[in-house]
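**Q** fold the following.
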Amino acid sequence: MKVTRNTAAKGAILDLITNSDSALSHSEIHKLTADLCDRVTIYRILDRLVNEDVIHKIVNLDGTIKYAKCHHANHVHIHNHVHFSCEKCLKVTCMENVQPSYIIPRNYKVNDVNFTLSGLCPNCL
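**A** Numbering: from 1, shown residues only. Model (predicted):
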């Protein structure tokens with residue numbers, strides 16, 4: 001059984017990610033939390049939330065790591081969904097209803113999948 005620490009900073013960062021309509025980078029979280037905690041503490045909290053399966057990481061097309069709230073459907077926890085990266089406003093959103101597919105040779109084992117589509121979001125069209 002995992003024992004988790006709940007701190008004011010952890011709660012504030014989780015609320016920020018939960019209430020965001022797009023995935024947030026570390027630097028965006030740092031700016032939005034003002035002086036709540038330092039950059040290293042934010043990294044530690046983000047890692048803890050990822051390990052607790054509360055949020056997930058998204059590697060954007062430019063290599064930036066962003067974080068989004070996990071959505072559990074029917075008590076099944078799956079991170080292998082499609083993300084959309086807007087080339088204009090740079091927002092990254094989870095697309096839960098788009099099912100990625102791929103075919104891989106038998107002698108490979110997939111542990112993680114990162115599907116990112118890029119283009120223009122509805123707001124930037």
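**Q** who's in contact with residue 17?
**A** 24, 29, 49, 55, 67, 68, 69 (CB atoms under 8 Å, 6 or more residues apart in numbering). Using the backbone N, CA and C atoms, a C-beta is placed for each residue, glycine as well.
**Q** any idea what residue 94 is bridged to?
**A** The residues paired with residue 94 through beta bridges, assigned by DSSP bridges, are residue 83.
**Q** isn't it up against residue 71?
**A** Yes: with the criterion set as CB atoms under 8 Å, residue 94 and residue 71 qualify as a contacting pair; they are 7.3 Å apart.
**Q** more neighbours: those two, which one.
**A** Per other CB atoms under 10 Å, whichever of residue 94 and residue 71 has more neighbours is residue 94, with 19 against 12.
**Q** so how far is residue 11 from the more buried one?
**A** Relative to residue 11, residue 94 is positioned 22 Å away (CB to CB, to the nearest Å).
**Q** what's the answer for residue 116, then?
**A** 29 Å.
**Q** residue 43 reaches residue 29, doesn't it?
**A** No: using CB under 8 Å, residue 43 makes no contact with residue 29, being 9.8 Å away.
**Q** the more surrounded of these two?
**A** The neighbour comparison of residue 43 against residue 29 (other CB under 10 Å) goes to residue 29, with 22 against 13.
**Q** my read is that one is in a strand, agree?
**A** No: inclusion of residue 29 in a strand is not indicated when DSSP: H, G, I helix; E, B strand; the rest coil is applied; the result is helix.
**Q** OK, contacts around it?
**A** For residue 29, the contacting residues are 13, 16, 17, 42, 46, 67, by CB under 8 Å, 6+ apart.
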